[in-house]
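J.: Fold the stuff below for me.
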Amino acid sequence: MTDQPAPPNLADLQHWTWVIGRAQQMMLEQGLAMTDARAAQGSAPPDGPGGKAGDFWSESLSLWQQFLATSIAPQPASAPGGRVDKRFAAAAWHQNPLFAWIRQSYELLADHLLRSVDTLAGVDDEQRAQLRFVMRGFVDALSPTNFPLTNPEVIERTLETRGENLLKGLQHMLADISRGQMTHTPADAFELGRNLATTPGKVIHRTPLFELIHYAPTTPEVLATPVVIFPPWINRFYILDLTPEKSFIRWCLDQGISVFMVSWKSADASMKDVVWADYIAAQIEAVDVIRGLLDVPSVHTIGYCVAGTTLAATLALLAARGQSDKVASATFFTAQVDFGRAGDLKSFVSDEQLQMLAALSPEGYLDGRFMAATFNLLRGRDLIWNYVTNNYLLGNDYVPFDLLYWNGDTTNLPVRWHQDYLCDLYRDNLLVSPGALCVDDTPLDLGTVTTPSFVQAGREDHIAPAESVWEITRHFRGPVEFVLAGSGHIAGVVNPPTAGKYQYWTNEAQVESLDDFIAGATETKGSWWPRWLGWLHSQGDDKVAAQGGRLPGGGTLPALEDAPGSYVRAR
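T.: Residues are numbered from 1 along each chain as shown. Okay, the predicted model is just below:
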């Protein structure tokens, strides 16, 4: 039996690192010399791209000289914007000269690449934003934490487990490839009706597009005017009915509110001709069904994200028809109507991308996994590369997390609606142009909406940026209360008072911009839900007994099945 070669010791690694480093130093010196020569000839202004390149070469050379002298001073890792970068939390990234150099080299390159987009000449603001988004994704992908040979934690784990972590990670990766979707939490950790979406209720109405759920009251009396919630059909409705402690629905019931929820059907081939007007009609149908069931003149409405955008169009259509009184109030969770400042999602509305989406939808609907991948890209560092490192390279087990389970529970989208939504709203921003969009030959004009409205935005929202959500206040003519919540698109909404997390800002003054709102805002610790409840009571405080039609299945509409219904389980 032949002897196996001994693994390289630390001295060997240091020697070959020095050899590679010396070679790269020579290349850097040559690059710096060339940059200096161009600058001396006046081929690039000092503050232009050439000047930035010179800074990059100079800083790189300085970093190499420090490394070769083994004198890199420990520094805290920070992401662009000064935030602490949790990717480099391990001590080796700061205390080991090799990995400290790798980290600092990456940070230098990342900073240079991102700054190069800001100094690029000849592009407009929209193109620059798209380039910045692409460059940020590229920079995140290049992180040394994503590769086994440049991540000290992965090297240590591989030596400890004799490679078992890599085999386990490969198993995770192959499983994700087979299902066509990245895993974020164990698939068997949650089950609808067992530990998610457990609030008691009944499905009382069903159409080919949605089910209407009526939840059982938990108080002897309830507000006379009920609330109907329109969740986005891009995901499942139970984001608002996660575990009992996080459920917005359960909390509303405990505050004495009659609650109805629309559960949208995940698209299939039968929905290939569904367009936006169908979702607007569905919202009006749900309102009318509830009005008839409870014999009330109007209902309170809540629209979340794309369903909030649709609710705005519904209000405009009702106003045009002289039927605004069907809706007592409208609440918008992170919803946009003006897409002029819609954030990174505008990077996905080029003609080429729209053609690709059409090609991916031969049966008339878009597989929800494509949308999931898109939203993951918006937070690639947290929702992609974090899992590559932890679950593929380190071989860690997945951690149960209800919100991430919901995030991966994808829904399919009607391709005609999706194409129109991206073109008419994100690309062409037609909803804020009076008469540019019509429903049943009726022009829509947001300026005719006088319904009292409560608008919530998330300060860190990457899907519906706060400055974009703010624009609702400029287009509606009715009274609008705006609340800026801490956190983002999901956690900023799903923030029960008992959690004691985050904060929100209010401003009673009449201001013209979000910046002005923030400048004069009052901060309140904790959840904004009680603030909304007080606002809702201000729209009408009459109460009725929770009996008869106020009980699911107890009125003129018999129960079809128990909540959470069938549509939420459909794939």
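
J.: Report the central residue of this protein.
T.: With distances taken as CA atoms, centre = their mean, the chain has residue 463 as the residue nearest its mean C-alpha position (4.7 Å).

J.: and it, that's in a strand?
T.: No - secondary structure of residue 463 (DSSP: H, G, I helix; E, B strand; the rest coil): coil, not part of a strand.

J.: so who does it touch?
T.: The contact partners of residue 463, by CB atoms under 8 Å, 6 or more residues apart in numbering, come to 305, 334, 343, 345, 375, 378, 488-489. All C-beta atoms are positioned from the backbone trio N, CA, C, and that covers glycine.

J.: The same query, at a cut-off of 10 Å, please.
T.: Contact analysis of residue 463 by CB atoms under 10 Å, 6 or more residues apart in numbering lists 232, 234, 305-306, 334, 336, 342-345, 375, 378-379, 488-490.

J.: out of the residues you listed, who has the most neighbours?
T.: Neighbour count (other CB atoms under 10 Å) singles out residue 336 as the most crowded of the contacts of residue 463, with 30 neighbours.

J.: For that residue, what are phi and psi?
T.: Note on residue 336: backbone dihedrals following degrees, to the nearest 10 are phi -120, psi 140.

J.: Does residue 205 fall in a helix, a strand, or a coil region?
T.: Of the three states, residue 205 takes strand under three-state DSSP.

J.: For beta bridges, what are the partners of it?
T.: For residue 205, the beta-bridge partners are residue 212 (DSSP bridges).

J.: shouldn't it be in contact with residue 287?
T.: No - counting by CB atoms under 10 Å, residue 205 stays clear of residue 287, with 11.7 Å between them.

J.: Mind listing the shared neighbours of the two?
T.: The contact sets of residue 205 and residue 287 overlap at residue 260 (CB under 10 Å, 6+ apart).

J.: of those two, who's got more company?
T.: Taking neighbours as other CB under 10 Å, residue 205 and residue 287 compare with residue 287 leading, 22 against 18.

J.: Tell me who's in contact with the more buried one.
T.: Contact analysis of residue 287 by CB under 10 Å, 6+ apart lists 226, 228, 230, 260, 298-299, 301, 314, 318, 323, 326-327.

J.: got a pLDDT number for the nearest residue to residue 268 once chain neighbours are set aside?
T.: Excluding the flanking residues, the one nearest residue 268 by CB to CB, 6 or more residues apart in numbering is residue 365, at 6.1 Å. If you check residue 365, the pLDDT there is 89.

J.: what are the phi and psi angles of residue 365?
T.: The phi/psi pair for residue 365 (degrees, to the nearest 10) is phi -140, psi 150.

J.: residues near it, how many?
T.: There are 24 residues near residue 365, going by other CB under 10 Å.

J.: just checking, it touches residue 274?
T.: Yes - between residue 365 and residue 274 there is a contact at 8.8 Å, judged by CB under 10 Å.

J.: Confirm residue 228 sits in a strand?
T.: Yes - if the criterion is three-state DSSP, then residue 228 is within a strand.

J.: if I read this right, it contacts residue 296, doesn't it?
T.: No - taking CB under 10 Å as the definition, residue 228 is not a contact partner of residue 296, at 11.3 Å.

J.: Look at these two and report which has more neighbours.
T.: Neighbours were counted for residue 228 and for residue 296 using other CB under 10 Å; residue 228 has more, 24 against 17.

J.: need the contact list for that one.
T.: 212-214, 258-262, 283, 286-287, 289-291, 299-303, 327.

J.: Same check on residue 241?
T.: Contacts of residue 241 by CB under 10 Å, 6+ apart are 192, 196-199, 201, 213, 215, 229, 231, 247-250, 259, 261, 406, 494, 563-564, 568.

J.: The residue nearest to residue 268 pairs with what?
T.: Beta-bridge pairing for residue 365 (DSSP bridges): residue 414.

J.: Work out for me the element residue 242 sits within.
T.: Assigned by DSSP states H and E, residue 242 belongs to neither a helix nor a strand.

J.: Could you measure from it over to residue 494?
T.: To residue 494, residue 242 is 7 Å away according to CB to CB, to the nearest Å.

J.: shared neighbours, those two?
T.: With CB under 10 Å, 6+ apart, residue 242 and residue 494 have common neighbours 248, 402-403, 406.

J.: shaky segments in this structure?
T.: Applying pLDDT under 70 to the chain picks out residues 1-84, 346-348.

J.: that older thread, return the residues in contact with the residue nearest to residue 268.
T.: Going by CB under 10 Å, 6+ apart, the list of residues near residue 365 reads 266-272, 274, 411-418.

J.: Would you list the buried entries among these?
T.: Buried by 16 or more other CB atoms under 10 Å: 266-267, 271, 274, 411-418, out of the contacts of residue 365.

J.: Tell me where the stretch 451-571 of the chain has helices.
T.: Applying DSSP state H, counting those that start in this stretch to the stretch 451-571 of the chain gives helices spanning 466-469, 472-475, 514-519, 529-538.

J.: nope, the stretch 151-300 of the chain is what I was after
T.: Assignment of helices within the stretch 151-300 of the chain using DSSP H, counting those that start in this stretch yields the ranges 152-161, 164-179, 248-254, 276-294.

J.: of these, which approaches residue 106 most closely?
T.: Smallest distance to residue 106 across the helices of the stretch 151-300 of the chain (CB to CB): 13.3 Å, for helix 152-161.

J.: quick one, the closest one and helix 164-179 angle?
T.: If you take axes from the mean of the first three to the mean of the last three CA atoms, to 10 degrees, helix 152-161 sits at 110 degrees to helix 164-179.

J.: Give the other helices and strands that helix 152-161 contacts.
T.: Other elements packing on helix 152-161 under the criterion 3 or more CB pairs under 10 Å, 6 or more residues apart in numbering; DSSP states H and E are helix 92-95, helix 97-118, helix 164-179.

J.: and that helix, which residues are buried?
T.: For helix 152-161, a neighbour-count test (16+ other CB under 10 Å) marks 152-154, 157-158 as buried.

J.: what about residue 261, distance to residue 111?
T.: Using CB to CB, residue 261 is found at 46 Å from residue 111.

J.: again with residue 155
T.: 26 Å.

J.: what about residue 547, how many neighbours?
T.: By other CB under 10 Å, the residues close to residue 547 number 13.

J.: residues near the closest residue to it other than its chain neighbours, how many?
T.: Leaving aside its sequence neighbours, residue 547 sits nearest to residue 554 (CB to CB, 6+ apart; 7.4 Å). Other residues within reach of residue 554, judged by other CB under 10 Å, total 18.

J.: so residue 554 sits right up against residue 545, yeah?
T.: No - using CB under 10 Å, residue 554 makes no contact with residue 545, being 11.8 Å away.

J.: quick one: the strands in the stretch 451-571 of the chain?
T.: Assigned by DSSP state E, counting those that start in this stretch, the stretch 451-571 of the chain shows strands spanning 453-458, 480-485, 503-506, 522-525, 543-545, 561-562.
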